[in-house]
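> my questions concern the predicted model and sequence given below.
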Amino acid sequence: MSMFNNTHPEFMRIGITIENVDTRYKPLMRMGISIDEMIYLARRLYPLIRDGKKILDLACGNGLITVILSRLMSDAEFHAVDDWKKVSRDDLIRNIEIDKARIMLGEFKDQFTLSYQDTYFDSVYSVMFLSNIGKDGRVKISDEVYRVLKEKGKFVVIDTLVFRGKIKKDLEHKFKLDWYGEENGFSFFVWSK
């Protein structure tokens, strides 16, 4: 028996097991963050969305953040979308099965249109996506998020500090900013409908 197990120490701290995370979840250049940072961001997201029953990960990348959250929030219904151009949907499906996560995968109808009914989600979150889609994309996706969020629903945005001003300017026309913080090079926005 090896003196090292194959699960990340942070998972043991929060009471879940996800083995071989470093080999199964490939970092995504669009996100530009490490596995350790994804675990950290999932832990930071948890208190911000834990009251939600229907939750959407907007542009999920490799899906690790949502896998962690779905394991922590066993009574929530998780959905994750991406365009699946730089991430293997099949790999994520396999990882979801291995990690016994409950996540339904979707995709964008077109570049910024979500295939969900109006007022479906309690919470939507986005990690390192809005800085990659430009002003027009941020305005279009904010319209879609507004459409799929329930009244008083939350839109949590985590992105780089460099884009905090642009993200704020492009989303404040639709949402009310409930909280903003900066930590470890990330900006955290909690918007409400």
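Now that the structure is in, tell me what you want to look at. Numbers count the residues shown, from 1 in each chain.

> low pLDDT regions in the chain?
1-6, 29-31 (pLDDT under 70).

> break down it into its strands, ranges please.
For the chain, the strands defined by DSSP state E cover 54-58, 77-82, 103-110, 113-114, 121-127, 149-160, 176-183, 186-192.

> for the ones you listed, give me TSV that also has mean neighbour count and distance to residue 17.
All C-beta atoms are positioned from the backbone trio N, CA, C, and that covers glycine. As requested, these are exported to TSV (neighbours: other Cβ atoms under 10 Å; distance: least, Cβ to Cβ, whole Å):
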stretch	mean neighbour count	distance to residue 17
strand 54-58	25	21
strand 77-82	22	18
strand 103-110	15	17
strand 113-114	18	32
strand 121-127	25	22
strand 149-160	20	25
strand 176-183	12	26
strand 186-192	20	26
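
> identify the residues contacting the most centrally placed residue in the chain.
Most central in the chain under Cα atoms, centre = their mean is residue 57, positioned 4.0 Å from the mean C-alpha point. Shown in contact with residue 57 (Cβ atoms under 8 Å, 6 or more residues apart in numbering): 63, 65, 66, 69, 78, 79, 80, 81, 103, 125, 126, 127.
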